[in-house]
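Visitor: when you get a sec, could you give me coordinates for this:
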Amino acid sequence: MGSSKRLAAHYDMRSQHQEILRAARSGPLQSLTDRELALREQPITIYPQPYRVVQAWVRFGASAIRVDAKLVRSTPLACGIEFRAEDQVFRCWVWGSAISTSSDD
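Guide: Predicted coordinates for the structure are as follows:
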């Protein structure tokens, strides 16, 4: 029965969305600063669609969680990501070491 796998993926996604929204109540989404990014000194790559799917550690206030995200930009040291929770879209910059892909696992 293929539908049980689809349902499992759907429930996993809903669970992650709830976890993101719960963490968002802890404080604002943290992002690297302009100084940390050093965009004037570092090249930046902007990725066209389709985005690459990654898992990333993000921080809302003091709460750190791992989310499924899309890689939208990068520098040699940092990654710009985007992720959703229900109808909200979150965007931030994280260090490259906070990112993994399914092939890294």
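Visitor: which strands and helices sit next to the longest helix along the chain?
Guide: Scanning the chain for the helix with the most residues, using DSSP state H, yields helix 3-24. When contacts are defined as 3 or more CB pairs under 8 Å, 6 or more residues apart in numbering; DSSP states H and E, helix 3-24 packs onto strand 63-74, strand 78-85, strand 88-95. In this view, the C-beta of every residue, glycine as well, is placed from N, C-alpha and C.
Visitor: for the helix or strand just after it, which positions count as buried?
Guide: The helix or strand immediately downstream of helix 3-24 is helix 34-37, counting by DSSP states H and E. Applying a neighbour-count criterion of 16 or more other CB atoms under 10 Å, one finds residue 37 buried in helix 34-37.
Visitor: kindly report the same for stretch 49-65.
Guide: 54-56, 58-60, 63, 65.
Visitor: equivalent analysis for stretch 77-86, please.
Guide: For stretch 77-86, by 16+ other CB under 10 Å, it's 78-81, 83-85.
Visitor: what does that stretch contact?
Guide: 16-18, 20-21, 24, 32, 36-37, 42, 51, 54, 56, 58, 67-74, 89-96, 98-99 (CB atoms under 8 Å, 6 or more residues apart in numbering).
Visitor: show the buried residues in the residues you listed.
Guide: Applying 16+ other CB under 10 Å to those flags 16-17, 20, 24, 32, 37, 54, 56, 58, 67-74, 90, 92-94, 98-99 as buried.
Visitor: give me the most central residue, this structure.
Guide: For the chain, residue 69 is the residue whose C-alpha lies nearest the centre (CA atoms, centre = their mean; 3.7 Å).
Visitor: pLDDT weak spots in this protein?
Guide: Residue ranges of the chain with pLDDT under 70: 1-3, 8, 10-11, 50, 102-105.
Visitor: try it again with 80
Guide: Along the chain, segments meeting pLDDT under 80 span 1-13, 50-51, 102-105.
Visitor: who are the neighbours in contact with the spatially closest residue to residue 19 that is not a sequence neighbour?
Guide: Take residue 19 and drop its neighbours on the chain: the residue closest to it by CB to CB, 6 or more residues apart in numbering is residue 65, 5.9 Å away. Shown in contact with residue 65 (CB under 8 Å, 6+ apart): 19-20, 23, 57-59.
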